[in-house]
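**Q** Fold the following for me, if possible:
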Amino acid sequence: MGSSGRRRLLGAALALALGAALPAAVPSAAVAQPADGTACAWQVTALPVPAGSGGVVVTGEATDALVVGYATINRVTRGVIWRNGVPEVMPEFADGSENLPQDINSSGVVVGFRRTTTSTSPWQYVDRAYRYQDGVYHFLPGYASKIVASRAVAINEAGDVVGIVKPYTDTGAAYTKSVFWPASAPNTFQVIDAYSAHDDAPLGIDDQGRVLFRDVLWGPNQIDLPLSGTRDGAAARVYSAGRIVGWQQGDDDTMHVVEWDQSGEISRVLPGDGYPDAVNAAGTIAGVAADPETGRYRPALWRDGQFAGFISDPRPDIIVGLTDDEVVIGDYVANTTTGTRVPALWRCS
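**A** Residues are numbered from 1 along each chain as shown. Presented below is the predicted three-dimensional model:
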């Protein structure tokens, strides 16, 4: 909830504030193996999928007992909520439009967008952001005309929603605006005027309504907080449990996982070559790291600032969340020929 990780945020493909010098890069092309006893014995639990479904994708989570995604059912893309491991198919739109939920909070409120094919848009589709609760869709407001897309991408515990709108000009060129839909006034929206918000999709929102972009933390009633180092090869990636993590490029062209504190300064540089997908309240991080034997990136865990081991097969292909008891939430590729994915939970023991 509130963080993207490697979530399939379609708006995240939309692609710097005051900076401070980066800490020295860790001169390592791969992570060292953890000391004996620190690695996990991973237990993988596949989440059941709705009958007749294909193309299952996990996109967000509130806990390991409340996960959201979508699946192709009878050739229609339908939203799916897993409650305590049981899949619940969200209502179909009357016109058969695609349903692409992106996030869920612990109250079970889902946000996402409806995608409708059309011949009147230069892009042949129109996306419409929504909030969904108790079987009802509430479409979120945007500009009244010339909208090719409005997409809700994250929600916090209060029900505040953040996302993007894409108006287009008379020449057909689209531009992006990040927006904030407050829970207290659901029929209104506020354009986010942080510098990054003109080019990037939001990465997450916390329970105070602060929104993370790759180089700045924006708040509806506060001055933008620039993140140090983002002019020198660092970029935020994940915002969860009040923690901001991302990556920086080192002098040796490797990537290093970093964390920023609440003043916007880099507070931790983790060992090895990798990048984060999720973080929990304790600061444990799930992401990918370079395997010292092959040099290829593999899903991995960092705990207490140190590398804690790789996640065993079937390894997650996409990670959307990490709970406080270190349950990794995502999916894995079950068949590389067909690309069939399986939503799953990985438990560390």
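
**Q** any weak-confidence spans in the stretch 151-300 of the chain?
**A** Low-confidence segments of the stretch 151-300 of the chain (pLDDT under 70): 168-174, 195-199.

**Q** try 90 this time
**A** For the stretch 151-300 of the chain, applying pLDDT under 90 flags the ranges 165-177, 186-187, 191, 193-201, 219-224, 231-233, 249-254, 272, 292-295.

**Q** how near is residue 220 to residue 112?
**A** In this view, residue 220 and residue 112 are 22 Å apart by Cβ to Cβ, to the nearest Å. (C-beta placed from N, C-alpha, C; glycine too.)

**Q** so what pLDDT did residue 148 get?
**A** pLDDT recorded at residue 148 is 71.

**Q** That one belongs to a helix?
**A** No - counting by DSSP: H, G, I helix; E, B strand; the rest coil, residue 148 falls outside a helix, being strand.

**Q** could you check the distance from it over to residue 126?
**A** Applying Cβ to Cβ, the value for residue 148 to residue 126 is 6 Å.

**Q** which of residue 220 and residue 112 has more neighbours?
**A** Taking neighbours as other Cβ atoms under 10 Å, residue 220 and residue 112 compare with residue 112 leading, 32 against 13.

**Q** For residue 347, see how far away the more buried one is.
**A** For residue 112, the distance to residue 347 equals 27 Å [Cβ to Cβ].

**Q** and what of residue 322?
**A** Noted for residue 322: a distance of 11 Å to residue 347, by Cβ to Cβ.

**Q** Compare these two (neighbour count), which wins?
**A** Neighbour comparison, residue 322 and residue 347: the larger count goes to residue 322, with 32 against 16 (by other Cβ under 10 Å).

**Q** Excluding chain neighbours, what is closest to the more buried one?
**A** Closest residue to residue 322 apart from its sequence neighbours, by Cβ to Cβ, 6 or more residues apart in numbering: residue 278 at 3.8 Å.

**Q** Do I have it right that the one you found meets residue 241?
**A** No - using Cβ atoms under 8 Å, residue 278 is not in contact with residue 241; the gap is 9.8 Å.

**Q** who has more neighbours, those two?
**A** Between residue 278 and residue 241, residue 278 has the larger neighbour count (other Cβ under 10 Å), namely 28 against 19.
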